[in-house]
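A.B. asks: structure of the sequence below:
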Amino acid sequence: MPRLFSALSVPEDVAGALSRLRGGLPGARWMEPADYHITLRFIGDIDEPTARDIDETLAEIHRRAFDVTIEGLDSFGGARPRAIIARVTPTALLAELQADLERRCRRAGLAPETRKFTPHVTLARLRDASPLDVADYLATRSAPRSISFAVDHFVLMSARASVGGGPYITEAVYPLI
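C.D. replies: Numbering: from 1, shown residues only. So this is what the prediction gives:
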């Protein structure tokens, strides 16, 4: 069974800029720059017929291309930090694309996504990282100022059946107009 998710690709030059933020945080497992992406909808472990249905419904999406801006660094997990992320500025076009994906996944029989959509790029997954170390890391690093890039497609990706997923494989590419 494939473990699938839909995402926006991060261009190589943006990934390179973000990769310079790696290191200096005990307990961090840094993502490979080639695996950087913005998850739109986690689909999960599904059978092949459902994967084909998802591919077909995603291919029917006709939305406008738009720009994405990375606005800074943050962490997920509060008192028990679990990830270092690059925040993505929410925009109407991004939210509309994500909502369309959610509706189509539900129509294909998937359970509703329970987490609120928070656009971001995961830079590191944390294991037993001290909240103080995370705060120090965030205080001494800053994402390159306002990185923007054009988005003219989204992708369907697969991940290994393991915690953290990568390396990721692009299974399908869907153009935006």
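
A.B. asks: list the buried ones in the longest strand along the chain?
C.D. replies: The longest strand of the chain (DSSP state E) is strand 66-76. Residues of strand 66-76 classed as buried: 66, 68, 70, 72-75 (neighbour count, 16 or more other C-beta atoms under 10 Å). Every C-beta, even on glycine, is put in place using the N, C-alpha and C of the backbone.

A.B. asks: and after that strand, which helix or strand comes next?
C.D. replies: Using DSSP states H and E, the next helix or strand after strand 66-76 towards the C-terminus is strand 83-88.

A.B. asks: in terms of secondary structure, what does that following strand contact?
C.D. replies: strand 66-76, strand 120-126, helix 131-140 (3 or more C-beta pairs under 8 Å, 6 or more residues apart in numbering; DSSP states H and E).

A.B. asks: and the helices in the chain?
C.D. replies: Assigned by DSSP state H, the helices in the chain fall at 12-19, 48-59, 92-107, 131-140.

A.B. asks: how about stretch 132-139 as CSV, C-alpha atoms only?
C.D. replies: Taking Å, rounded to 0.1, in the frame of the first residue of the first chain, the C-alpha atoms of stretch 132-139 are listed here in CSV:
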residue,chain,number,x,y,z
LEU,A,132,15.4,25.7,25.7
ASP,A,133,17.6,24.4,22.9
VAL,A,134,14.9,24.9,20.4
ALA,A,135,14.2,28.4,21.7
ASP,A,136,18.0,29.2,21.5
TYR,A,137,18.1,27.8,17.9
LEU,A,138,15.2,29.9,16.8
ALA,A,139,16.6,33.0,18.5
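
A.B. asks: and the residue lying farthest from the centre of the chain, what pLDDT?
C.D. replies: Each residue of the chain has a distance to the centre, and by C-alpha atoms, centre = their mean the biggest one is for L132: 25.3 Å. Here the pLDDT value assigned to L132 is 97.

A.B. asks: excluding its backbone neighbours, what's nearest R127?
C.D. replies: G27 (5.3 Å; C-beta to C-beta, 6 or more residues apart in numbering).

A.B. asks: swap in I70?
C.D. replies: Once chain neighbours are set aside, the closest to I70 by C-beta to C-beta, 6+ apart is I147, at 4.4 Å.

A.B. asks: residues touching that neighbour, list them.
C.D. replies: By C-beta atoms under 8 Å, 6 or more residues apart in numbering, the contact set of I147 is 14, 17-18, 69-70.

A.B. asks: now these in CSV, with distance to Y174 and pLDDT?
C.D. replies: Listed next are those as CSV, based on distance: C-beta to C-beta, whole Å; pLDDT from 0 to 100:
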residue, distance to Y174, pLDDT
V14, 20, 97
A17, 26, 95
L18, 24, 96
T69, 22, 97
I70, 22, 96
